[in-house]
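Undergrad: My questions are about this predicted structure, shown below with the sequence.
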Amino acid sequence: MENRRVVVSGIGAVTPIGHGKEGLWQGAAAGRSGIGPITRFDHSALDVKVAGEINDFDPLDHFDAKSARRMDRFAQMALAAADMAIRDARLSCDPMQPDPTVGVTMGTALGGVAGAETQHERFVRGGIRAVDPSLALIVFGGSGSSNIAIRYGCTGPSNANSNSCSSGTIAIGEAFRYIRDDQADVMIAAGAEAPLVGLTFSAFAIIRAMTTNPDPEQACRPFDKNRDGFVMSEGAAVLVLEELGHAKRRGANIYCEVLGYSCSNDAFHMVAPRPDGSCAARAMSNALRRAGIGPKDVGYINAHGSSTPLNDKIETSAIKSVFGEDAYRIPISGTKSMHGHALGAAGAIEAAICAMAFGREFLPPTIHYRNPDPECDLNYLPNCGVSARVDFILSNSFGFGGINSALVLGRYDE
């Protein structure tokens, strides 16, 4: 059977730089920082002082209080972003008429661990009767995708992954494969994370993965010589993926086409990337090959760009190994400099930005870039985005456990 073509027809987002597709795009294009001082919990014992908090999200703007109580914050944001994306796609999803051709994939590194932490504090103070009866429904990583499926009657393929910071990209890649292989016509592909609570946040602080720079205007600086760790954030993004013929028949707006996807594992270390970057490079080159394009075709790379000393250096090296001299030609940006690192949601947020870049004909910047690093010597679009019409975009996501993923998107022209 010939592979079917897959397009993006809807986008929704809840992020530190803006909500909805317009809020996200405007924040990214303007180089707006969503990083600020931590306000959610007592961080006085930590050296880490900043995070990408979302303080203007109210789940009751999207669903009733009873539904909200039965979801962790990550699932609340996922469901809100899904609602935005489905409305943007002008899809008719009725839970009273379940549709087996519509499915859901979702990525989240930690799932409802933050909610579990809160409930454990209640348990310690007041015993089991103080614990929310919905705890078992709140904690598991599949609660986000399941709540989306229930709300919209999506009885097609359902998949929730917990592949660290590659989770959002993998969710989109798997959704792409479901449609390509004729297992679904429409997939709601999501990434969501809500890790900003004391113990969960501290777990990353004590392994020294996060920046100790207290200045929000310098803390997250991918590829900068003085980078010293990532800035943890929260958020969610959802892309509606659709079989091309299905989208055209209903007159959907098409943002771009999903062309290639690949993942690999460093099989090296739980935290540090493989020093030669070979497995990350293989994820990129395989994604390009499966998209049917070569390195010279790529017009923009949205880098993982976590702002950690090792990751940025090795990602740069991996890009060079795949693209050769073209690596110096291709504009690259680390948008985590703006929205922070939302772990399992990051790849979905970045894919949403990439999908919109085709029609907007603009590439967002890497902000907070001040001091060039000789080992990171590519064009990272420092501090200012550029107008550009590109035909193919590569988006990278790499995570703990050595999990690498890469996604290729293409301009859609009738």
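TA: Okay, I see it. Quick caveat, the model's predicted, so the values are computed rather than measured.

Undergrad: Remind me which helix or strand the spatially closest residue to F268 that is not a sequence neighbour belongs to.
TA: In space, and not counting its chain neighbours, F268 is closest to R274: 4.2 Å by C-beta to C-beta, 6 or more residues apart in numbering. All C-beta atoms are positioned from the backbone trio N, CA, C, and that covers glycine. Using DSSP states H and E, R274 sits in no helix or strand.

Undergrad: do A13 as well
TA: Secondary structure from DSSP H and E places A13 in strand 6-15.

Undergrad: ok, P16 - contacts?
TA: Residues near P16 by C-beta atoms under 8 Å, 6 or more residues apart in numbering: G34, I35, G52, E53, I54, S233, E234, G235, M338, H339, G340.

Undergrad: Any figure for the gap between the first one and S166?
TA: Counting by C-beta to C-beta, to the nearest Å, the gap between G34 and S166 amounts to 22 Å.

Undergrad: now the fifth one
TA: Counting by C-beta to C-beta, the separation of I54 from S166 is 22 Å.

Undergrad: And the two? Which one has more around it.
TA: Using other C-beta atoms under 10 Å, the more surrounded residue of I54 and S166 is S166, with 33 against 22.

Undergrad: so the more buried one, which of the three states?
TA: Three-state assignment for S166 (DSSP: H, G, I helix; E, B strand; the rest coil): helix.

Undergrad: wait, isn't it in contact with G347?
TA: Yes - S166 is within contact range of G347, at 6.3 Å (criterion: C-beta atoms under 8 Å).

Undergrad: circling back: for the residue nearest to F268, which residues are in contact?
TA: By C-beta under 8 Å, 6+ apart, R274 lies in contact with D266, A267, F268, A280, I314, G402.

Undergrad: mind checking pLDDT for it?
TA: Model confidence at R274, given as pLDDT, is 97.

Undergrad: mind checking how far it is from L259?
TA: From R274 over to L259 (counting by C-beta to C-beta), the distance is 26 Å.

Undergrad: try Y328
TA: 24 Å.

Undergrad: G229: neighbour count?
TA: Neighbour tally, G229, other C-beta under 10 Å: 23.

Undergrad: Wait, it touches Q218, no?
TA: No - G229 is beyond contact range of Q218, at 12.0 Å (criterion: C-beta under 8 Å).

Undergrad: gap between the two ends of stretch 359-371?
TA: 32 Å (C-alpha to C-alpha, to the nearest Å).

Undergrad: in it, what's buried?
TA: Buried residues in stretch 359-371, counted by 16 or more other C-beta atoms under 10 Å: R360, F362, L363, P364, P365, T366, I367, H368, Y369.
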